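Student: Any chance you can model this:
(2 chains)
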Amino acid sequence: MKRWLKEDLWRHAIALVTCFFVLFPIYLVILSALSPTGSLQVTSFIPKTISFRNFSMLFNSPKIPYLVWMKNSLVIAGVVAIASVVIGAASAFAFSRLRFKGKKQGLQLLLLVQMFPAILSLSAVYVIMSRVYSFAPRIGLGTQPGLLLVYMGGAMGVNIWLLKGFVDSIPMELDEAAKVDGASAVQTYWLIFVPLAAPVLAVVSLLSFIGTFNEFILARLFLVDMHARTIAVGLQGFISGQYASNWGPFAAGSIIASIPLIAIFLSLQRYIISGLTAGSVKG
Amino acid sequence: MFFLVAFVVGPILYTVAMSAFHYETGNYISKPEAITQILSTGVRPDANQTTFDIVIGEDSAKNLEILASDPTNKKYFISSATSKIDLDPSTLKIDSNGDVAAAPGFHALTPSEQSALDATLGSTRFTYSSDYFITIEGGTLGSLKRQTLVYDKASDTFKDVLTNSVYKDNGTGDFANVTNKADILQPGWRAPIWFSNYTKLFTDPQIRKPLIRVFIWTVVFATLTVLTQFALGLLIALVMNRKLFGRRIYRSIIILPYAMPSIMSILIWGGMFDTEFGAINHLFGTHVHWFQSPLYARLAVIIVNLWLGFPYFYLISSGALQAIPAELSEAAAIDGANSRQIFRKITLPLLLQVVSPLLVASFAFNFNNFNIIYLLTGGGPANTLGGDVAGSTDILISYTYKIAFGAGTQNLGLASAISVVIFFIIASISLYGIRRSKVLDSFA
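Tutor: Residues are numbered from 1 along each chain as shown, chains lettered A, B, ... in the order given. Sure, this is the predicted structure:
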């Protein structure tokens, strides 16, 4: 019995230290979000006064369109998540099950393209989008639809690979059985593959949602207008100038923005983990 | 598929193409545009800096005109872009300043009409003599100028009519003085220079030195990041790989950094490392200038990245640990192996087999982890006095970003060349990882 205690004690110690490491910054954010001074300056780790001034500033200040940013982020991330899954699933199915010319090359191209440092084609994307803008101002540079298009292109490769890994693991016999029963490729896709892959599809769309929500560089380059910005760009604007200047509202904003992501993550962690490993690890 | 081609393959090809061009601040535009710009800036005021008092107006056919007065010489004329008509002073009403405000056939424009024409007003050249012309300097002032740089289309050269120097296309995107190569006309244009950007990477010491330094740090950074993240993740996974009171709570807390928007976490850490007000110095009672010293800045980057990334490896490792059959370690235990031997000889090799492709992927990802560097340290601290853009924590990608979009001279051509080099590095690392994970075997 004593040995058990001894064994568990150090485990608890390590776990607790790690939790402290993890929670320290998070605690600090909460602290500064609730502090009335609005800085990350720490005088004491236990709050003396609690104020919701920073939160009310986010929602009431006319200079900070926080809700608009939040909406922008959710809309952009949502559209990317749905679209990338729709396109990704169809392509993954095609790459895994159908036979067509250039399939192998297509897959290799996808993989290769994914390795190109995306940020460095930034300038090229910028130039291309400014050209697009000159003849189609609605989807060019500085617009959200334009940003969406770029995101979708970028997300495609990873998703197709991730999904293909899953499709490959669906037994071929199911397809064959469907074929024997007279199903076409389209029917096999909708009636066999989509229902089976639903959990994975959900994970992929979630991951693209989170990824897009987190994206910063392209969004900052594209969305100059205050009301078109996403939450990441908007919040970064608070503190990019002087440190310790606007930490209060920044912290409050981060907390609110993190809540949906953390909620999604914690509730679906089991699926997300399996999704992460499905595409890359094969037994 | 269309999007992929349009927004991934397209930009890549474009980047590769750009890397073969002389494409930097001062050489952004195409050659015809550059010629037009040189022509429009290649004008000088005449030797006496003559100015005229003018009234902006138009003729009966709505052509833009100016009514110019030269009070000292008592000369008056109406000039348009195409013609100049001298007026007889005796027919005009001259005010006390010696100016005229009206003339027959001339309609002055109201200020609001003028502002509607703002763009054309500034660029219109009003006729004066064969060499000289008048441009509008302000609402009522015109100055006499002359085109000093003349372009000769047949020989593709510019000639300065004052000094008689000839400027010739030097083949790398500039018009250079034939007698003095360093004397070039601004702006230049983007010209194909093929592999010069690449050879510069290896031969120009001003580029090569920081590049090598940055490259070494990039590798160190990516390696250390992956190792620390994996080590801590694995440790936690091992610690919690048994029934432990409160395991679910620990687990939920530990994956928080992975779930939080990483941009925000990075920015928060940035604030925490602040020397004066930061929580880190406060917590440990130190006064470390985290972002001023190269060593501490690098340490900070690694710590923050550890915080961000270890939960991922914790998740992966704990998943992999559970997949290892318990029979193996039981069998080893029966054979008399102690727990350390079991870990080293059985658990770790099996685990590594599963996670090594992910380690490689993570290495490749961190090799290009722009966000953390850009948002945490901005690549600094940099020795800006030496004119060096590369900071101590700059990794290749942030360094390249600075070259392409930085505050000083922006050199897209060179940046593109570095991108292509990075691409080959990453591609070979990833291909190695893929070979090992045998994903390519499934091509059929």
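
Student: Next up, identify which helix or strand the residue of the stretch 301-444 of chain B found nearest chain A is on.
Tutor: As assessed by Cβ to the nearest Cβ, chain A sits closest to residue B:419 within the stretch 301-444 of chain B, at 3.4 Å. Quick note: C-beta positions are derived from backbone N, CA and C, even for glycine. Using DSSP states H and E, residue B:419 sits in helix B:412-437.

Student: Mind giving me the packing neighbours of that helix?
Tutor: For helix B:412-437, the elements it packs on are helix A:103-114, helix A:122-135, helix B:10-18, helix B:196-203, helix B:348-367, helix B:396-405, judged by 3 or more Cβ pairs under 8 Å, 6 or more residues apart in numbering or on different chains; DSSP states H and E.

Student: Tabulate the ones you listed in a markdown table, adding columns for mean neighbour count, mean pLDDT and distance to residue A:166.
Tutor: Listed next are those as a markdown table, based on neighbours: other Cβ atoms under 10 Å in any protein chain shown; pLDDT from 0 to 100; distance: least, Cβ to Cβ, whole Å:
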| stretch | mean neighbour count | mean pLDDT | distance to residue A:166 |
| --- | --- | --- | --- |
| helix A:103-114 | 17 | 71 | 15 |
| helix A:122-135 | 18 | 74 | 30 |
| helix B:10-18 | 19 | 69 | 27 |
| helix B:196-203 | 16 | 73 | 41 |
| helix B:348-367 | 18 | 79 | 16 |
| helix B:396-405 | 24 | 81 | 31 |
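
Student: Can you say which of those helices is nearest to residue B:114?
Tutor: The closest of the helices and strands packed on helix B:412-437 to residue B:114 is helix A:122-135. By Cβ to Cβ, the value is 28.8 Å.

Student: If I take the helix or strand just after that closest one and helix A:122-135, what angle do their directions form?
Tutor: Where DSSP H and E defines the elements, the next helix or strand beyond helix A:122-135 is helix A:144-169. Counting by axes from the mean of the first three to the mean of the last three Cα atoms, to 10 degrees, helix A:144-169 points 120 degrees away from the direction of helix A:122-135.

Student: which one's the longest helix in chain B?
Tutor: The single longest helix within chain B, with elements called by DSSP state H, is helix B:205-239.

Student: wait, what's in contact with residue A:227?
Tutor: A:65, A:68 (Cβ atoms under 8 Å, 6 or more residues apart in numbering or on different chains).

Student: Now tell me which helix or strand of chain B has the poorest mean pLDDT.
Tutor: Sorting the helices and strands of chain B by mean pLDDT, DSSP states H and E puts helix B:2-4 at the bottom, at a mean of 56.

Student: Below-threshold pLDDT in the stretch 1-150 of chain A: ranges please.
Tutor: Scanning the stretch 1-150 of chain A with the threshold set as pLDDT under 70 gives A:1-6, A:37-49, A:111-121, A:123, A:136-142.

Student: all helices of it, in order?
Tutor: In the stretch 1-150 of chain A, the helices defined using DSSP state H, counting those that start in this stretch lie at A:2-34, A:53-60, A:66-97, A:103-114, A:122-135, A:144-169.

Student: Quick one: the ones you listed as TSV, columns for distance to chain B too.
Tutor: Formatted as TSV, the helices of the stretch 1-150 of chain A follow (distance: least, Cβ to the nearest Cβ, whole Å):
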stretch	distance to chain B
helix A:2-34	5
helix A:53-60	14
helix A:66-97	7
helix A:103-114	5
helix A:122-135	4
helix A:144-169	3
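
Student: so which of those helices comes closest to residue B:298?
Tutor: Here helix A:2-34 is closest among those (Cβ to Cβ), at 18.9 Å.

Student: Check the gap between residue B:203 and chain A for me.
Tutor: Going from residue B:203 to chain A by Cβ to the nearest Cβ, to the nearest Å gives 22 Å.

Student: ok, residue A:144 - contacts?
Tutor: Applying Cβ under 8 Å, 6+ apart to residue A:144 gives the contacts A:72, A:75-76, A:223, A:228.

Student: Farthest-apart pair in the residues you listed, please.
Tutor: For the contacts of residue A:144, the farthest-apart pair by Cβ to Cβ is A:75 and A:223; their separation is 12.4 Å.

Student: More neighbours: which of those two?
Tutor: With neighbours defined as other Cβ atoms under 10 Å in any protein chain shown, residue A:75 and residue A:223 compare such that residue A:223 has more, 23 against 13.

Student: So for residue B:250, what's the nearest residue that isn't a sequence neighbour?
Tutor: residue A:15 (4.7 Å; Cβ to Cβ, 6 or more residues apart in numbering or on different chains).

Student: Touching, residue A:255 and residue A:31? I think so.
Tutor: No. Contact criterion Cβ atoms under 8 Å: residue A:255 and residue A:31 do not qualify, at 10.9 Å.

Student: measure residue B:427 to residue B:251 for me?
Tutor: 36 Å (Cβ to Cβ, to the nearest Å).

Student: These two - which one has more neighbours?
Tutor: For residue B:427 versus residue B:251, neighbours defined as other Cβ under 10 Å are more numerous around residue B:251 (19 against 16).

Student: got a list of contacts for the helix or strand that contains the more buried one?
Tutor: Residue B:251 belongs to helix B:247-254 when elements are defined using DSSP H and E. Residues from elsewhere that reach helix B:247-254, judged by Cβ under 8 Å, 6+ apart: A:15, A:18-19, A:22-23, A:266, B:236, B:240, B:244, B:311, B:314.

Student: One more: stretch B:57-73?
Tutor: Contacts of stretch B:57-73 (Cβ under 8 Å, 6+ apart): B:50, B:52-56, B:75-82, B:94, B:97-103, B:105-109, B:117, B:120-121, B:124, B:126, B:134, B:136, B:142.

Student: Please pick the buried ones from those.
Tutor: Buried by 16 or more other Cβ atoms under 10 Å in any protein chain shown: B:50, B:52-56, B:76-80, B:99-100, B:103, B:106, B:108-109, B:121, B:124, B:126, B:134, B:136, B:142, out of the contacts of stretch B:57-73.

Student: Take these and keep only those in strands.
Tutor: Among these, the ones falling in strands (DSSP state E) are B:52-56, B:76-80, B:108, B:126, B:134, B:136, B:142.

Student: nearest to chain A, of those residues?
Tutor: Distance to chain A across these (Cβ to the nearest Cβ) is lowest for residue B:136, with 29.5 Å.

Student: shouldn't that closest one be in contact with residue B:121?
Tutor: Yes. Taking Cβ under 8 Å as the definition, residue B:136 is a contact partner of residue B:121 at 5.4 Å.

Student: what touches both of the two?
Tutor: Counting by Cβ under 8 Å, 6+ apart, the contacts common to residue B:136 and residue B:121 are residue B:56.

Student: If we ignore the residues flanking it in sequence, what's nearest residue B:275?
Tutor: Using Cβ to Cβ, 6+ apart, the nearest residue to residue B:275 is residue B:289, at 4.9 Å.

Student: ok so, going back, take the helices and strands packed on helix B:412-437 and write them to TSV, including distance to residue B:43.
Tutor: Compiled in TSV, those are given as follows (distance: least, Cβ to Cβ, whole Å):
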stretch	distance to residue B:43
helix A:103-114	49
helix A:122-135	29
helix B:10-18	32
helix B:196-203	33
helix B:348-367	51
helix B:396-405	32
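
Student: Go through those helices and name the closest to residue A:11.
Tutor: For the helices and strands packed on helix B:412-437, proximity to residue A:11 was assessed by Cβ to Cβ; helix B:348-367 is nearest, at 18.6 Å.

Student: wait, does that closest one make contact with chain A?
Tutor: Yes. Contact of helix B:348-367 with chain A (Cβ under 8 Å from any Cβ of the partner chain) involves B:354, B:357-358, B:361, B:364.

Student: follow-up on the earlier one: I'd like to know which of the helices and strands packed on helix B:412-437 lies nearest to residue A:82.
Tutor: Closest approach to residue A:82 among the helices and strands packed on helix B:412-437 is made by helix A:103-114 (20.5 Å; Cβ to Cβ).
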